[in-house]
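# structure, please.
(one chain, ligands or ions: 1)
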Amino acid sequence: MRQGIFCRNIMFGSSITKTMKIRLTLLICLFSLLYLPVNSTENGKLLVLEDVTIIDGLGNLPQPSSCIFIKEGKIIRICKKDDFKIPKNAQVINLHDKYVIPGLVEMHTHMFNEEVCKTMLAFGITTVRIPAASPKESTGMRSKTASGEVIGPRILTAGDLIDGRESSTGYSLIVKTEEEIRETVRQQAKTGIDYIKLYSSLEPVLVKAAIDEAHSLGLKVIGHLGKTSWTFAANAGIDSLCHSAMSGPIWELIPVEKRDKFLKLSCPIKGFNPNLFMEWGETFNIDGPEMKELTRALVDNKVVVDPTLVMMEAMIWGDDSNYKEILEPDFAPENIAKGWRKENLHLYTSWWSEEAFVSAKKLFPTFSKIVKRLYDGGVLITAGTDAGNPWITPGVSLHREFELLNNAGIPALEVIMIATYNGAKALDISDEVGSIEVGKQADLVILNSNPVENIKNTRKIESILKNGKLYKPSVLLSNKSN
Ligand SMILES: [Zn+2]
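Sure, this is the predicted structure:
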């Protein structure tokens, strides 16, 4: 039996080989030559995206035949095609038959080396949240993508995760008492991270103390909780919660008198027990008072949720090699993809029986229903993947998450809002990015097909603008074999 908990991911530090460095340098040079002419940030030239259909990220209907004027990285004008004369000296890109959405916000990745940063940008991701990592590594990469030393998304990051017992992530801090957790939060704050991350085996009293300490230091708190219910954490003021199945709210959605044994599902020590999981599915009632109470607590306390459905899907389909290729592991760093394929089964469910997989697959729609119910109830849902875990390929997996949210019953236009504006709002940067509006940073994704007609079209990326600078996916991914 294998140990298995989420976030037991493989970290990619700054270790890249000399050959990779040379290749990267050559690529950067090539890239600079190809894109200098449209770089509106460096030369201050006006860039106009002409005759494009705008999907603004705010849930408004697509606006065809529009123009977006960009100067010094910012959107300075949005108008209909013939409403404003384009100045002669402007750089114009005609995008007839193309669609533009705001840059995507990936709320949950633990993978962020140079190669992965470029891959994420190639998949339209212009902002990421790292919800736990070594503070030195993640704040280092945050600076590098901010300065342009590394091409990639804007990064916001939590530090080491704080837990009540040892785990295998390589970046967890163990605390036992209220004083210890407060001190740990203070120490984390000194590392310059953006968020505090709390983990699954923490008792409610410690979660509450950590939230209070973090808030007194002006830091928000992300929880991957198990022993502490989401309802308790929401009422205690937590800001953000992740993984809506197989952790978090699972046991608290069961009536109190039957709840105890299901607590193990939220806080597994030796992997997930598939039998218990099935029993949970039969006991859970989506129309029960527990679901209503949880939804109310999340809404009332403005708690943000990233469900990471793709993470659950990859585990449950861990026995199906055809499924796992859907996540296109070749877009992950080569050695990582090789490791996943060598392992074959998903690390966290590799010991499940054939019958367990069959039953678990039947439960997946229940997880989707929980997300839809939270969404309909007014909870701020965002999109994240837990990239870095087995088979969760950076970039690709976020687009799969969009499909799963759409399959859960959320219309494509609203999934786009979840993927863009909701993420920016959750990260408190919606006055800068997350929607296509005058004054916002020009973080944009130009698509070849309409994503409102088919959410899979978010994958059909023609180019990406980050801070007004244009990138082609083929160039960003030119070191990939596919
Ligand atoms: Zn995670």
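# select the longest helix from this structure.
helix 354-376 (DSSP state H).
# residues in contact with that one?
Helix 354-376 has contacts (Cβ atoms under 8 Å, 6 or more residues apart in numbering) with 244-245, 249, 253, 274-275, 277-278, 281, 284, 286, 291, 294-295, 298, 305, 307, 309, 312-313, 316-320, 349, 352, 381, 404-405, 407-410. The way it works is simple: take the backbone N, C-alpha and C, and place the C-beta from them, glycine included.
# buried only: go through the residues you listed for me.
Buried members of those, counted by 16 or more other Cβ atoms under 10 Å: 244-245, 249, 253, 274, 277-278, 281, 284, 291, 294-295, 298, 305, 307, 309, 312-313, 316-319, 349, 352, 381, 404-405, 408, 410.
# filter these down to just the ones in helices.
Residues of the buried ones among the contacts of helix 354-376 located in helices (DSSP H): 274, 277-278, 281, 291, 294-295, 298, 309, 312-313, 316, 404-405.
# quick one: which of these is nearest Phe262?
Phe277 (9.0 Å; Cβ to Cβ).
# give the contact list for that closest one.
Phe277 neighbours (Cβ under 8 Å, 6+ apart): Met246, Leu265, Ser359, Ala360, Leu363.
# tabulate these in CSV, adding columns for pLDDT.
Output for these, formatted as CSV (pLDDT from 0 to 100):
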residue, pLDDT
Met246, 68
Leu265, 76
Ser359, 85
Ala360, 86
Leu363, 89
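# could you redo the ones in helices among the buried ones among the contacts of helix 354-376 as CSV and give each row pLDDT and distance to the ion?
As requested, those are exported to CSV (pLDDT from 0 to 100; distance: Cβ to the ion, whole Å):
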residue, pLDDT, distance to the ion
Pro274, 77, 22
Phe277, 81, 20
Met278, 83, 25
Gly281, 87, 24
Met291, 95, 24
Leu294, 96, 21
Thr295, 97, 23
Leu298, 98, 19
Leu309, 96, 14
Met312, 91, 13
Glu313, 94, 15
Ile316, 89, 17
Leu404, 98, 17
Leu405, 98, 18
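# from the ion, how far out is Leu476?
For Leu476, the distance to the ion (Cβ to the ion, to the nearest Å) stands at 24 Å.
# would you agree that residue is in contact with Met120?
No. Look at Leu476 against Met120 with Cβ atoms under 8 Å: they stay out of range, at 9.2 Å.
# just the buried residues of the longest helix of the chain, please?
356-357, 359-360, 363-364, 367-368, 370-375.
# point me to the residue of the stretch 301-450 of the chain nearest the ion.
Asp386 (4.4 Å; Cβ to the ion).
# quick one: the nearest residue to that residue once chain neighbours are set aside from Gln188, how far?
Leaving aside its sequence neighbours, Asp386 sits nearest to Met311 (Cβ to Cβ, 6 or more residues apart in numbering; 4.3 Å). With distances taken as Cβ to Cβ, to the nearest Å, Met311 is found 24 Å from Gln188.
# what do you get for Ile286?
Relative to Gln188, Ile286 is positioned 37 Å away (criterion: Cβ to Cβ).
# dump the helix or strand hosting Arg186 to CSV, restricted to CA.
In this assignment (DSSP states H and E), Arg186 forms part of helix 178-190. Only the C-alpha atoms of helix 178-190 are listed here, as CSV (Å, rounded to 0.1, in the frame of the first residue of the first chain):
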residue,chain,number,x,y,z
GLU,A,178,-1.6,27.0,19.2
GLU,A,179,1.6,28.8,20.1
GLU,A,180,3.6,26.8,17.6
ILE,A,181,1.2,27.5,14.8
ARG,A,182,1.1,31.2,15.5
GLU,A,183,4.9,31.3,15.6
THR,A,184,5.1,29.3,12.4
VAL,A,185,2.7,31.7,10.6
ARG,A,186,4.9,34.6,11.8
GLN,A,187,8.0,32.9,10.4
GLN,A,188,6.3,32.1,7.1
ALA,A,189,5.3,35.8,6.8
LYS,A,190,8.9,36.8,7.1
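# list the buried residues of that helix.
Neighbour-count burial for helix 178-190 [16+ other Cβ under 10 Å]: Glu178, Ile181, Arg182, Thr184, Val185, Gln188, Ala189.
# stretch 207-220 now?
Val207, Lys208, Ala209, Ala210, Ile211, Asp212, Glu213, Ala214, His215, Leu219, Lys220.
# quick one: contacts of that stretch?
162, 178, 181-182, 184-186, 189, 193-196, 198, 202, 221, 223, 225, 228, 232-233, 236-240, 428.
# mark which of these are buried, thanks.
The buried subset of these (16+ other Cβ under 10 Å) comprises 162, 178, 181-182, 184-185, 189, 193-196, 198, 202, 221, 223, 225, 228, 232-233, 236-240.
# among the residues you listed, which ones are in helices?
Per DSSP H, these map to helices at Glu178, Ile181, Arg182, Thr184, Val185, Ala189, Phe232, Ala233.
# and the ion, which of the residues you listed contact it?
Restricting those to those within reach of the ion (Cβ under 5 Å from the ion) leaves nothing.
# among those, which pair sits farthest apart?
Most distant of those, by Cβ to Cβ, are Ala189 and Phe232, 23.4 Å apart.
# list the buried residues in stretch 435-447.
Ser435, Ile436, Lys440, Gln441, Ala442, Asp443, Leu444, Val445, Ile446, Leu447.
# now do the strands in the stretch 351-482 of the chain.
380-381, 444-447, 461-466, 469-471 (DSSP state E, counting those that start in this stretch).
# pretty sure Leu398 is touching Thr382, no?
No. Using Cβ under 8 Å, Leu398 makes no contact with Thr382, being 11.0 Å away.
# tell me which of these two has more neighbours.
In terms of neighbours (other Cβ atoms under 10 Å), Leu398 is the more surrounded of Leu398 and Thr382; the figures are 29 against 26.
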